[in-house]
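**Q** the following comprises the amino acid sequence and a computationally predicted model.
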Protein chains: 2
Amino acid sequence: MLKHMLDQSVNLDRTFQALADKSRRSMVERLTVGPASISQLAEPLDMSLAAVVQHVQVLEACGLVTTKKVGRTRMCRIEPSAMTAAERWMADRRRGWEDRLNQLGDVLADVALGEEAP
Amino acid sequence: MLKHMLDQSVNLDRTFQALADKSRRSMVERLTVGPASISQLAEPLDMSLAAVVQHVQVLEACGLVTTKKVGRTRMCRIEPSAMTAAERWMADRRRGWEDRLNQLGDVLADVALGEEAP
DNA sequence: ACGACAGACAAGCAGTTACTTGACTGTTTT
DNA sequence: AAAACAGTCAAGTAACTGCTTGTCTGTCGT
């Protein structure tokens, strides 16, 4: 249950990292429409097939995409659930400040440190 | 309005990249409670002050954090609005498949490709 | 069976990231 | 004024990224 939190953190690392790339995001967008092969993903992307495969591997490593070989093509599809951890982390932070004493905390800190004025 | 979309993309890159690091995420979590100085951020983190400064710079570059020097200390606080772009991107993708023809699309693709069965 | 296709695998490479240390600059404290 | 404090800046480094090319393995159409 402690290990769980570490794994969780590692997975957030991987998910955010995966999404921190325009090409990878565009693949996810493409897959939102429906499953696609590696070469279909590659088509609009101006890079080698091998590069696309590597990107897909990154997306697989964080669980955002699952693949399955069918004949000589590899079909890829998104795994919606893989994004919830990242979404939740963001939502939690947002609640953390929007709800709570953030305005209050800021004001107090500003006063205490003499915000803008001598 | 075309350039806008590119900037947007670059900013998503930076935001996701910023969040793809446990130390940086923990700083954001800490700042959710309220503003903090560099050394306060550094305290639980087992790395040099200089390293923490560099992390803060990354968070500043994507707008997630703003800082202001007060005397010899630099106070940091979160900028809630900076996360909305990333949140929206995820929410949009989620809608993209959950709502729409995803189940349908998957089923059709499976049938067309002979899912699991010869 | 043959060549073309879709991808797999490995090595290599330029650029970036996440640190470090050490010397330096302002700011408080005493 | 001197010492301690909170950062700052510049190099340097080891590991990681995002590609490439070339070779090799299966699969499909003919």
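**A** On my side now, so go ahead.
**Q** what's the burial count for A:P44?
**A** Neighbourhood size, A:P44 [other C-beta atoms under 10 Å in any protein chain shown]: 10. The C-beta positions use only the backbone N, C-alpha and C, and glycine is treated the same way.
**Q** could you confirm it falls within a strand?
**A** No. Read with DSSP: H, G, I helix; E, B strand; the rest coil, A:P44 is coil and lies in no strand.
**Q** can you tell me the element the nearest residue to it once chain neighbours are set aside falls in?
**A** Once flanking residues are discounted, A:P44 sits nearest to A:S26: 7.4 Å by C-beta to C-beta, 6 or more residues apart in numbering or on different chains. Per DSSP states H and E, A:S26 falls inside helix A:22-33.
**Q** just checking, what packs against the helix or strand just after that helix?
**A** Reading on from helix A:22-33 to the C-terminus, the next helix or strand found by DSSP H and E is strand A:36-37. If you count contacts as 3 or more C-beta pairs under 8 Å, 6 or more residues apart in numbering or on different chains; DSSP states H and E, strand A:36-37 packs onto strand A:73-78.
**Q** how about residues contacting the strand it packs on?
**A** Contact partners of strand A:73-78, identified using C-beta atoms under 8 Å, 6 or more residues apart in numbering or on different chains, comprise A:27-28, A:31-32, A:34-39, A:41, A:56, A:59, A:64-69, B:93, B:97, B:106, B:109, B:113.
**Q** the longest helix out of those in chain A versus helix A:22-33: what angle between them?
**A** Ranked by number of residues, the top helix in chain A under DSSP state H is helix A:3-19. Per axes from the mean of the first three to the mean of the last three C-alpha atoms, to 10 degrees, the angle that helix A:3-19 makes with helix A:22-33 is 100 degrees.
**Q** can you list contacts of helix A:3-19?
**A** Residues from elsewhere that reach helix A:3-19 (C-beta under 8 Å, 6+ apart): A:24-25, A:28, A:58-59, A:61-64, A:82-83, A:85-86, A:89, B:12, B:16-17, B:19-22, B:25, B:86, B:89-90.
**Q** residue contacts, A:L49?
**A** Going by C-beta under 8 Å, 6+ apart, A:L49 touches A:38-39, A:42.
**Q** filter the residues you listed down to the buried ones, PyMOL style.
**A** A single PyMOL command selects the buried members of these (16 or more other C-beta atoms under 10 Å in any protein chain shown):
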select buried, chain A and resi 38+42
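**Q** pLDDT weak spots in chain A?
**A** A:1-3, A:6, A:99-118 (pLDDT under 70).
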